[in-house]
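[1] Starting from these lines, generate the structure:
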Amino acid sequence: MLFSTRPIRLNLKHPFRIARETSEYKQNVLVSISDDKFTGIGEAAPSVYYGENADSVMQVLEEASTFVGDDPFALEATMIRLTSRFPGDSSARAAVDIALYDLAAQRLGVPLYRWLGLDPDRTPVTSFTIGIDEPKTVLNKVREAAGYPALKIKLGSEKDLKVMHTIRNETDARIRIDANGGWTVDQAVEMVKHLSDFDVELVEQPLPPGSPKDWNKVHEAAAMPVIADESVLTSSDVADIADLADGVNVKLMKCGGIREALRLIHTARAHGMQVMIGCMIESSVAITAAAHLSPLADYADLDGNLLITNDPFIGVTVHNGRLVLPQEPGIGVVPR
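    Numbering: from 1, shown residues only. Here you go, the predicted model:
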């Protein structure tokens, strides 16, 4: 099979600030895997937080191409080889995984969700993310997002409560909070108590990974579900967080692709936990791949493609906030 890669720059509509960084663009990498008839496409959205960047991904993928045989259905064996060789390069592995799933489902002539046995009518509403900013700027962003019934608000600054008052005075949309580990335990305990006054649906990653005693304090203080993101990369992390949080945020770029994401989802369910399907800043390639798994989730945060100005693909769409999966074979993305 023919294996090729190319970097893409995704420009953000607004500077995107979370508790640990601010970005104006993201540098991702596309992967294409072709046989004599079909081409599967995947995407890596590397994060420095997890030890990757576009250059490192390109280097990994150059070698990873030799690990991909002629059978796209040999997903388990291929991903075991890649994980063994590149254990810390999850987004690079995800790009290969997505491309292989896309290619295999195209060969079968079915959309990916159908191959996985999932119901496209059970996709959830996706949230639309508002990054950390001055209250006046946040207000303008909330007004721009008026068509979305659920908002994810990034917090982690000294103006968190002022921002929340500003938002609630403007909209009655569902609000989900994401601190990206930006609070201390005392701040988090205090904040989850205040957030009850704003009818918040959930709080994501209130603390940095680790510190079970601190997580337990926040979990006990929170009247809403606590969702773990940075604390859970793969299925092997679920058991350690199961008693400290109510759910996990599953991201293809953290766990290494669709195959491990399915394991993570089922492991979380076995521990009685809720599931969110999330994303990085991604084009419609990776967003659409993740959206095919969303019928398995309670919540979706698949808006990375909605936050950029130059998405080179068309795939999953959003209607009244709900994800609408493409019907074409594979993941169903086409060049714009």
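[2] Find the residue at the geometric middle of the chain.
    Cys279 (1.7 Å; C-alpha atoms, centre = their mean).
[3] neighbours of the residue lying closest to Glu134 once chain neighbours are set aside, just the number please.
    Spatial nearest neighbour of Glu134, excluding adjacent residues (C-beta to C-beta, 6 or more residues apart in numbering): Lys159 at 7.3 Å. Bear in mind the C-beta positions are built from the backbone N, C-alpha and C, glycine included. The tally of other residues near Lys159 (other C-beta atoms under 10 Å) stands at 14.
[4] do Glu282 as well
    By other C-beta under 10 Å, 28 other residues sit near Glu282.
[5] I figured it hits Gly304, correct?
    Yes: in terms of C-beta atoms under 8 Å, Glu282 counts as a neighbour of Gly304; the distance is 4.0 Å.
[6] who touches both of those two?
    Listed as contacting both Glu282 and Gly304 by C-beta atoms under 8 Å, 6 or more residues apart in numbering are Ala45.
[7] how close does Asp301 get to Val57?
    Distance, Asp301 to Val57, using C-beta to C-beta, to the nearest Å: 23 Å.
[8] Specify the local secondary structure of Gly117.
    Three-state call for Gly117 (DSSP: H, G, I helix; E, B strand; the rest coil): coil.
[9] residues in contact with Lys152?
    Contacts of Lys152 by C-beta under 8 Å, 6+ apart are Ser127, Phe128, Thr129, Ile130, Arg176, Ile177, Asp178, Glu204, Asp301, Asp303.
[10] Tell me which helix or strand the fifth one sits in.
    Under the criterion DSSP states H and E, the helix or strand holding Arg176 is strand 174-178.
[11] Okay, now the sheet partners of that strand, with direction.
    Partner strands and pairing direction for strand 174-178 (DSSP bridges) are strand 150-154 (parallel), strand 200-204 (parallel).
[12] residues in contact with whichever helix or strand comes after the last one?
    Per DSSP H and E, the first helix or strand lying C-terminal to strand 200-204 is helix 212-221. Helix 212-221 is contacted by residues 185, 188-189, 192-193, 206-207, 226, 231, 240-241, 243-246 when judged by C-beta under 8 Å, 6+ apart.
[13] which parts of helix 212-221 are buried?
    By neighbour count with 16 or more other C-beta atoms under 10 Å, helix 212-221 contains the buried residues Asp214, Trp215, Lys217, Val218, His219, Ala221.
[14] thinking again about what came up before, and after the strand holding Arg176, which helix or strand comes next?
    Assigned by DSSP H and E, the successor of strand 174-178 is helix 185-195.
[15] Next, the buried residues of that following helix.
    Buried, per 16+ other C-beta under 10 Å, within helix 185-195: Val185, Gln187, Ala188, Val189, Glu190, Met191, Val192, Leu195.
[16] before we move on, the earlier item: redo the contacts of Lys152 as a markdown table? Include neighbour count.
    Formatted as a markdown table, these follow (neighbours: other C-beta atoms under 10 Å):
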| residue | neighbour count |
| --- | --- |
| Ser127 | 28 |
| Phe128 | 23 |
| Thr129 | 24 |
| Ile130 | 27 |
| Arg176 | 22 |
| Ile177 | 25 |
| Asp178 | 28 |
| Glu204 | 27 |
| Asp301 | 26 |
| Asp303 | 24 |
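[17] longest helix of the protein?
    Within the chain, and with DSSP state H defining each element, the longest helix by residue count is helix 90-108.
[18] Please, which helix or strand holds the residue nearest to the centre of the chain?
    Cys279 is part of no helix or strand, with elements assigned from DSSP H and E.
[19] Which pLDDT does the model give it?
    Listed pLDDT for Cys279 reads 98.
[20] Show me where the stretch 1-150 of the chain dips below the pLDDT cut-off.
    Scanning the stretch 1-150 of the chain for pLDDT under 70 picks out nothing.
[21] What segments of it are helices?
    In the stretch 1-150 of the chain, helices defined by DSSP state H, counting those that start in this stretch lie at 54-64, 75-85, 90-108, 112-115, 135-144, listed in chain order.
[22] Perfect, I'm done here.
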